[in-house]
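1. Quick one: sequence plus predicted model below, questions after.
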Amino acid sequence: MTVFSLEHGKLAYHADFVLYGGAVVLLVAFLALMVPPGHRPQSAVLALAGLVGWSALEYALHRFVLHGLQPFRGWHTQHHERPTALICTPTILTAALFAVLVFLPAMALGGVARACALMVGILSGYLAFAITHHATHHWRADHAWLRGRKRWHAQHHRRAAGLPGCYGVTSGIWDHVFGSAARNPPSEGDETCPASTR
C-alpha cells in the first residue's frame with residue numbers, strides 16, 4: 001500500500017477521523033481566541049454555510065464524479081464490489097484538495113478568519129460524512145437515525161448500475177430535491193449492504 005492507495009490499512013483508513021476531527025477542534029479554538037466577539041455571528045453563519053455547502057458537495061461528488069467520471073467511477077466501483085473493505089480517498093489527497101480548492105480561495109477573498117470559519121463547516125460536514133459512511137458499513141445500528149441511514153445507503157448499493165440513486169450519505173435532502181431518492185425504500189430489517197453489487 002502506498003500513500004495514494006485506495007485500499008488502506010486500519011491506521012491509514014482512520015487517519016481521516018483523527019486529522020479532520022483535530023482540524024475542526026483547532027479551527028474552532030483559533031476562531032474562539034482570534035475573532036472579536038462582534039464578528040462571531042458572522043463566523044457562525046460562515047460555518048453553517050460551509051456545512052450546507054458540504055452537504056450539496058457530498059451529493060454532487062457522489063452522483064456526478066464517483067458514479068459518472070472515469071477514473072473515479074472505476075475506483076468507486078471497488079467500494080461497491082467490496083463494501084466492507086477499507087477503501088477511501090487517501091487523506092493526503094482530500095487534505096490537499098480542501099486546502100487548494102476551498103481554504104486558499106476563501107482566504108484570498110475574505111481573509112484568514114473567514115476562511116477558517118468556512119472550513120469549520122466544510123470539515124465538520126466531511127467528518128460527519130466519513131463517520132456516517134463508516135457506520136453504515138461497519139457498525140450495528142442501535143439508534144433510529146443510524147438505522148435509517150443504513151437502510152438508505154443499502155438502497156444505494158442495491159440499485160442497478162444504471163439507476164443508483166440515494167447518493168446522499170449523511171442526508172437524503174438533495175436526493176429528494178433532484179429526484180434521485182429511492183421510490184421504494186428498503187424495509188425496517190433491510191439495513192446491510194450486499195457483499196457484491198454495483
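-> Sure thing, it's come through.
2. ok, and for the helix or strand P105 falls within, which residues are buried?
-> P105 belongs to helix 104-110 when assigned by DSSP states H and E. If you call a residue buried by 16 or more other CB atoms under 10 Å, then helix 104-110 has these buried ones: 106-107. Where you see a C-beta, it was placed from the backbone N, CA and C, and this is true even at glycine.
3. Which helix or which strand is home to the residue minimising distance to the centre of the chain?
-> With distances taken as CA atoms, centre = their mean, the residue of the chain nearest its centroid is F129 (3.3 Å). Applying DSSP H and E as the criterion places F129 in helix 112-138.
4. pLDDT of that helix, averaged?
-> On average, the pLDDT along helix 112-138 is 95.
5. what's the distance between that helix and the middle of its chain?
-> The chain centroid and the centroid of helix 112-138 are separated by 7 Å under CA atoms, centre = their mean, to the nearest Å.
6. Downstream of that helix, the next helix or strand is which one?
-> Criterion used, DSSP H and E; the element after helix 112-138 is helix 144-158.
7. Next, give phi and psi for E7.
-> The phi/psi pair for E7 (degrees, to the nearest 10) reads phi -90, psi 130.
8. ok, it touching P90?
-> No: taking CB atoms under 8 Å as the definition, E7 is not a contact partner of P90, at 10.3 Å.
9. Look at those two and report which has more neighbours.
-> Set E7 next to P90 and count neighbours by other CB atoms under 10 Å: P90 wins out with 19 against 14.
10. so what does the helix holding F129 touch, helix or strand wise?
-> helix 15-34, helix 40-60, helix 91-98, helix 104-110, helix 144-158 (3 or more CB pairs under 8 Å, 6 or more residues apart in numbering; DSSP states H and E).
11. Convert the C-alpha atoms of the fourth one to CSV, please.
-> Right, the one you point to is helix 104-110. Only the C-alpha atoms of helix 104-110 are listed here, as CSV (Å, rounded to 0.1, in the frame of the first residue of the first chain):
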residue,chain,number,x,y,z
LEU,A,104,-6.8,29.3,-0.2
PRO,A,105,-9.5,30.8,-2.4
ALA,A,106,-11.6,31.7,0.7
MET,A,107,-8.6,33.2,2.4
ALA,A,108,-7.8,35.3,-0.7
LEU,A,109,-11.4,36.5,-0.9
GLY,A,110,-12.2,37.0,2.8
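12. Off-centre distance for that helix?
-> 22 Å.
13. and what of the first one?
-> Here the centre of helix 15-34 is set off from its chain's centre by 17 Å, with CA atoms, centre = their mean.
14. what's the angle from that helix to helix 40-60?
-> Here the directions of helix 15-34 and helix 40-60 differ by 160 degrees (axes from the mean of the first three to the mean of the last three CA atoms, to 10 degrees).
15. which residues touch helix 15-34?
-> 40, 43, 88, 91, 94-95, 113, 116-117, 119-120, 123-124, 126-127, 130-131, 134 (CB atoms under 8 Å, 6 or more residues apart in numbering).
16. quick one: least confident helix or strand in this structure?
-> Within the chain, no helix or strand scores below helix 10-13, which has a mean of 82 by mean pLDDT, DSSP states H and E.
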